[in-house]
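> Sequence and computational prediction follow.
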Amino acid sequence: MRYYPMFVSLENKACLVVGAGEVGTRKIASLLACGAGSVLVLDMREPEGELLALLENPALTFERRSFEDQDLDGRFLVIASTSDEALNWRISDLCQERGLLCNIVDQPEKCSFIVPAVVSQGDLTLAISTGGQSPALAKHLRRHLQESFGKEYAALLVVMGRLRPLLLDLGQETRDNTAVFRALVGSRLLEALAARDREQAAAVLAEHLPEALRPRITELLHGLL
């Protein structure tokens, strides 16, 4: 099955997780890390371990009880991670009827979305999907990418993010701005950031930036090296 790749904002969105075992807890942590507006967790077991620590987040609510149909009211995204297959499937069917995003752990055929393997460096996120066919291959590729994309990519993204509004404010032609962005991405700036060489990074920026922005180089590199 082919999936449509996209990134979804969870800001101000209400999420539900049914089942807070090891896998469910990882899902809860990822929802909170991505800024979910609220996460309701249902499980018959007392919270422990990592889940207890996660409960310090005010966006998370835990209720020690079983799932009820009305728990879906007002939800944007639902994850079912229980050991009860019949319950998981029921939740999936209810979500389908209501048009809710639903993920059933380890059962892609009952999901309206699947969660990819992810590599993150700061705001840079690389997502890998095998269409649910081989989680092992997805994890293998993730390890490979983790080795290839170090913290210098997060730093480069910060520089590019700071630079973008400054460059656009100059009012240059789009093609000129594009040329600057592409030149920097393909330059030795990444190498300088990896080596934590401020002098080299500043020199690369000075080489490629318009003269009007060269006084802002210290600002662009602030806190990175």
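All right, it came through fine. As the structure is a prediction and not an experimental result, all values here were calculated from the model. Numbering: from 1, shown residues only.
> what's the burial count for the residue lying closest to Ala206 once chain neighbours are set aside?
Among residues not flanking Ala206 along the chain, Arg214 sits closest, at 5.4 Å (CB to CB, 6 or more residues apart in numbering). Placement of C-beta: from N, CA and C, glycine included. Counted with other CB atoms under 10 Å, residues neighbouring Arg214 total 13.
> Just say helix, strand or coil for Ala136.
Judged by DSSP: H, G, I helix; E, B strand; the rest coil, the three-state class of Ala136 is helix.
> Distance of the residue nearest to Ala206 relative to Ala183?
15 Å (CB to CB, to the nearest Å).
> what's the neighbour count on Ser38?
Counted with other CB under 10 Å, Ser38 comes out at 19.
> which residues does it bridge with?
Here Ser38 sits in beta bridges with Ala14, going by DSSP bridges.
> so it touches Ala14, yeah?
Yes: counting by CB atoms under 8 Å, Ser38 touches Ala14, with 4.9 Å between them.
> Name the residues contacting each of those two.
Common contacts of Ser38 and Ala14 (CB atoms under 8 Å, 6 or more residues apart in numbering): none found.
> tell me which element Arg182 is part of?
helix 174-185 (DSSP states H and E).
> show me the contacts for the residue nearest to Gln121 when sequence neighbours are not counted.
Leaving aside its sequence neighbours, Gln121 sits nearest to Ala154 (CB to CB, 6+ apart; 4.0 Å). Going by CB under 8 Å, 6+ apart, Ala154 touches 121-124.
> Assess the claim that Asp197 and Leu221 are in contact.
No: contact status for Asp197 versus Leu221: not in contact, 10.6 Å apart, counting by CB under 8 Å.
> More neighbours: those two, which one.
Leu221 (20 against 15).
> tell me the pLDDT at that one?
Looking at Leu221, its pLDDT is 98.
> Please report how far it lies from Leu124.
18 Å.
> quick one: secondary structure of the residue nearest to Ala206?
Classified using three-state DSSP, Arg214 is helix.
> That one against Val204, yeah?
No: Arg214 is beyond contact range of Val204, at 11.8 Å (criterion: CB under 8 Å).
> what about the helices in this protein?
22-33, 50-54, 85-98, 135-148, 151-168, 174-185, 189-194, 198-208, 217-221 (DSSP state H).
> Just name the most buried of those helices.
Greatest average neighbour count among the helices of the chain goes to helix 189-194 (a mean of 20), per mean count of other CB atoms under 10 Å.
> what's the average pLDDT for that one?
Here helix 189-194 scores 98 as its mean pLDDT.
> Contacts made by it with the rest, please.
150, 152-153, 155-156, 159, 198, 200-201, 203-205, 224-225.
> Which parts of this structure belong to which domain?
Annotated domains of the chain cover 1-115, 116-148, 151-221 [automatic domain parsing].
> measure the longest one end to end?
In terms of CA to CA, to the nearest Å, the two terminal residues of domain 1-115 are separated by 14 Å.
> and it, what's its mean pLDDT?
96.
> show me what contacts Leu55?
47, 62.
> Wait, Ala80 touches Asp106, no?
No: between Ala80 and Asp106 there is no contact under CB under 8 Å: 10.4 Å.
> The closest residue to Asp106 other than its chain neighbours and Val115: what is the separation?
Distances taken as CB to CB, 6+ apart put Val23 closest to Asp106, at 7.9 Å, once the chain neighbours are dropped. Computed as CB to CB, the Val23 to Val115 distance reads 10 Å.
> do Leu60 as well
18 Å.
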